[in-house]
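[1] what would the 3D arrangement of this be:
(2 chains)
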Amino acid sequence: QKEVEQNSGPLSVPEGAIASLNCTYSDRVSQSFFWYRQYSGKSPELIMSIYSNGDKEDGRFTAQLNKASQYVSLLIRDSQPSDSATYLCAVNRRAAGNKLTFGGGTRVLVKP
Amino acid sequence: NAGVTQTPKFRILKIGQSMTLQCTQDMNHNYMYWYRQDPGMGLKLIYYSVGAGITDKGEVPNGYNVSRSTTEDFPLRLELAAPSQTSVYFCASSYGGGGEQFFGPGTRLTVL
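    Below is the predicted model of the structure:
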């Protein structure tokens, strides 16, 4: 089992719909969780961080964390073509010396 | 405030050549990281540093070396370049370990 796992996609979403991205992790004592957006040919850009169970909303983005089930998700509401990118999940793994471990990313395509 | 800067943006090396990728941050972050990202893949940690004079290996350190003489700079040295080192290299920094990381624009390296 990979330490941080994401469906590679592509996740195809009509414009205006909700995109739902999932990420599972193996290290039960992980404390910090991050979502990065990466446009093709660009560097990762932090869009959300979440540290406790539940939902965290920021604009059209909502991060959801369930530590008991070891998953973190990202919802993108009212998806826009500009949301087309690869979304990387990153987990602070104590077993990795308190460094971030990144998933392989989910590619999202928003179709007008 | 430039954030994290990297030079060069692109480079082509011949097998066996050496080069140094430069990384500078102006956020006074203690932690700095070097990642490589192969096409369609996630980020793999090469080396990291928790402060000036302190460096440690990441997941894929073979063929690379680093130094950290100042808080701002964290150069990555490639000795005896090999085609397997063809990748995009990202430098990142964070205030603390396991916290939000901020990425530079990347260096696209091709070894022929």
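[2] and A:Gln38, how far from B:Ala92?
    In this view, A:Gln38 and B:Ala92 are 13 Å apart by Cβ to Cβ, to the nearest Å. Any C-beta I mention is one placed from the backbone N, CA and C, and that applies to glycine too.
[3] so for these two, which sits in the more crowded spot?
    Neighbours per residue, other Cβ atoms under 10 Å in any protein chain shown: of A:Gln38 and B:Ala92, the larger number sits with B:Ala92, 25 against 20.
[4] show me what the one helix or strand that one maps to is packed up against.
    Assigned by DSSP states H and E, B:Ala92 belongs to strand B:87-94. Packing contacts for strand B:87-94, counted by 3 or more Cβ pairs under 8 Å, 6 or more residues apart in numbering or on different chains; DSSP states H and E, involve strand B:4-7, strand B:19-25, strand B:31-37, strand B:102-103, strand B:107-111.
[5] the inter-axis angle of that strand versus strand B:31-37?
    Put simply, strand B:87-94 runs at 160 degrees to strand B:31-37, going by axes from the mean of the first three to the mean of the last three Cα atoms, to 10 degrees.
[6] what's the offset of strand B:87-94 from the middle of its chain?
    5 Å (Cα atoms, centre = their mean, to the nearest Å).
[7] which single residue of chain A ends up nearest chain B?
    As assessed by Cβ to the nearest Cβ, chain B sits closest to A:Asn92 within chain A, at 3.6 Å.
[8] residue contacts, that residue?
    In this structure, A:Asn92 makes contact with A:Ser30, A:Gln31, A:Ser32, A:Phe33, A:Phe34, A:Asn98, A:Lys99, A:Leu100, B:Gly98, B:Gly99, judged by Cβ atoms under 8 Å, 6 or more residues apart in numbering or on different chains.
[9] what does A:Met48 give?
    A:Phe34, A:Trp35, A:Lys56, A:Asp58, A:Phe61, A:Ala63, A:Leu74.
[10] list only those of those flagged as buried.
    Among the contacts of A:Met48, those that count as buried by neighbour count (16 or more other Cβ atoms under 10 Å in any protein chain shown) are A:Phe34, A:Trp35, A:Phe61, A:Ala63, A:Leu74.
[11] now render these as JSON lines, adding distance to chain B, secondary structure and pLDDT.
    Compiled in JSON lines, the buried ones among the contacts of A:Met48 are given as follows (distance: Cβ to the nearest Cβ, whole Å; DSSP: H, G, I helix; E, B strand; the rest coil; pLDDT from 0 to 100):
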{"residue": "A:Phe34", "distance to chain B": "6", "secondary structure": "strand", "pLDDT": "96"}
{"residue": "A:Trp35", "distance to chain B": "11", "secondary structure": "strand", "pLDDT": "97"}
{"residue": "A:Phe61", "distance to chain B": "15", "secondary structure": "strand", "pLDDT": "98"}
{"residue": "A:Ala63", "distance to chain B": "13", "secondary structure": "strand", "pLDDT": "97"}
{"residue": "A:Leu74", "distance to chain B": "15", "secondary structure": "strand", "pLDDT": "98"}
